[in-house]
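Undergrad: Build me a model from this:
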Amino acid sequence: MNCEYFGKCGSCVLYDKSYEEQLNFKLQREKNRFSDFTTMDFDIIKSEKEAFRNRAEFRIWWEKDENGNEILSYAMNDFEKNILKIDSCQIVSSQIQEIMPKLLNLLMEDLILSYKLFAVEFLGSTINDMLVTLIYHKKLDEEWNELAKQIEKKLNIKVMGRSRKQKIALSSDSINETLSINNQNFKFAYQEGGFTQPNTNVNIQMIEWVLNNIKNSTADLCELYCGGGNFTIPLSTKFNKVLATEISKTSIKSALKNCELNNVNKIQFIRMSAEEFVQGLQEVREFNRLKDVNLKNYTFDTIFMDPPRSGLDDTTRALAKDFEQIIYISCNPETLHRDLKELTSTHEIVRFALFDQFAYTNHIESGVILKKII
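TA: From the prediction side, this is the model:
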């Protein structure tokens, strides 16, 4: 990829390397980091080299031309954290790339749409469903609603408006997605404001990597940090039952909807933090949210965890060590390394993968499967 903003836009920090060079740089860095745990070859899940992001956010920058007319531009931060105006972005999906200039032109046609517009968020899917959220520093009224509906029709997209204490969904606050995972289609509804994996192709391969490296089980799966069921629903095909926890109300709502879309009825979701769930499972505390859940009906042999960047807390790390199999997806190799110091006292690493969700950045995600040492 040869982007005109390489070396200027602060988003792509590895602009001076080819894709293979930057991937090798990250691979060698992580091999060195985890060399005290394993010397096995890592499985490498590559990204597309361009047009790989189905989720993106851009600042909106205002300025006047020589005639005093207000001009809008998309903007990012440069390497000095200053505003850099951009006309395009080659890492976002072709669908987003196509919509970006058309949307900007329509926004500039009416001051009601453009005035105090602060940012634009794009959320797309592989089946060409697109949700665009316009974020303002002003109150949105009925006149804005009518003009925004016209944008929906002209661009065949869904539009939402956000400002302080306001959230206006004109036609919908979610998009539809279909993921082909090991030749089986899974349907998902991604809600605005909920977490979604930005790199769809890598996301599919992440799920397939987990599925292809574990065996079918007659026991049950315990999942922590389940989000909207991105891993939960495909993984349910490998287990008898699934008990999944998530703290976000938005994500739990999405997860329940996604189960309906896929006719899956073997998953029970609980809105709890991982730490609270551990306390409930170990009967340290009683929770009203567990009153309809009979934890004794579950026979777990596997725990799946996809925590935030902070990694696992002490109680969750201790709980994980009780399971025969641990599947750990990490967005932060530093906290993963910390957690593995404890987990490898009872378990051995049998597979290790790197997922290049964010090409041209220093960031890389990891997947580790551990089995209990007999």
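
Undergrad: Which phi and psi values does the nearest residue to residue 342 once chain neighbours are set aside adopt?
TA: Nearest non-adjacent residue to residue 342, counting by CB to CB, 6 or more residues apart in numbering: residue 317, 5.1 Å away. Where C-beta positions appear, they are placed from N, C-alpha and C, glycine not excepted. With angles defined as degrees, to the nearest 10, residue 317 sits at phi -60, psi -40.

Undergrad: what sits against the residue nearest to residue 171 when sequence neighbours are not counted?
TA: In space, and not counting its chain neighbours, residue 171 is closest to residue 158: 5.3 Å by CB to CB, 6+ apart. Contacts for residue 158 (CB atoms under 8 Å, 6 or more residues apart in numbering) come out as 129-132, 152, 169-172, 175.

Undergrad: Out of the residues you listed, which sit inside helices?
TA: residue 152 (DSSP state H).

Undergrad: Strands along the stretch 251-374 of the chain, start to end?
TA: Secondary structure of the stretch 251-374 of the chain by DSSP state E, counting those that start in this stretch: the strands cover 267-271, 300-305, 325-330, 347-355, 365-372.

Undergrad: neighbouring contacts of the second one?
TA: With CB under 8 Å, 6+ apart as the test, strand 300-305 has contacts from 210, 214, 217, 219-225, 231-232, 235, 239, 243, 274, 312, 316, 319-320, 323-329.

Undergrad: Give me the buried subset of these.
TA: Listed as buried from the contacts of strand 300-305 are 210, 214, 217, 220-225, 231-232, 235, 239, 243, 274, 312, 316, 319-320, 323, 325-329; burial here means 16 or more other CB atoms under 10 Å.

Undergrad: before we move on, the earlier item: tell me how far the residue nearest to residue 342 lies from residue 323.
TA: According to CB to CB, to the nearest Å, residue 317 stands 12 Å off from residue 323.

Undergrad: Next: residue 61.
TA: 50 Å.

Undergrad: Report all helices and strands that the helix or strand of the chain with the lowest mean pLDDT contacts.
TA: None of the helices or strands of the chain scores lower by mean pLDDT, DSSP states H and E than helix 274-281, at a mean of 83. Under the contact criterion of 3 or more CB pairs under 8 Å, 6 or more residues apart in numbering; DSSP states H and E, helix 274-281 touches helix 314-320.

Undergrad: Now do the helices in the stretch 101-250 of the chain.
TA: Assigned by DSSP state H, counting those that start in this stretch, the helices in the stretch 101-250 of the chain fall at 111-114, 142-155, 200-212, 232-235, 249-261.

Undergrad: Give me whichever of the ones you listed is most buried.
TA: Compared across the helices of the stretch 101-250 of the chain, helix 232-235 shows the largest average neighbour count, a mean of 24 (mean count of other CB atoms under 10 Å).

Undergrad: so how far is that helix off the chain centroid?
TA: 15 Å (CA atoms, centre = their mean, to the nearest Å).

Undergrad: could I have it exported to CSV, CA atoms only?
TA: What follows is helix 232-235 as a C-alpha-only set of coordinates in CSV (Å, rounded to 0.1, in the frame of the first residue of the first chain):
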residue,chain,number,x,y,z
THR,A,232,-19.3,-17.4,21.8
ILE,A,233,-21.8,-18.4,19.1
PRO,A,234,-19.3,-20.2,16.8
LEU,A,235,-17.6,-21.8,19.8
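
Undergrad: residues making contact with it?
TA: Applying CB under 8 Å, 6+ apart, the set of residues contacting helix 232-235 from outside is 181, 184, 186, 188, 207, 210-211, 221, 223, 226, 242, 244, 255, 258-259, 262, 264, 267, 304.
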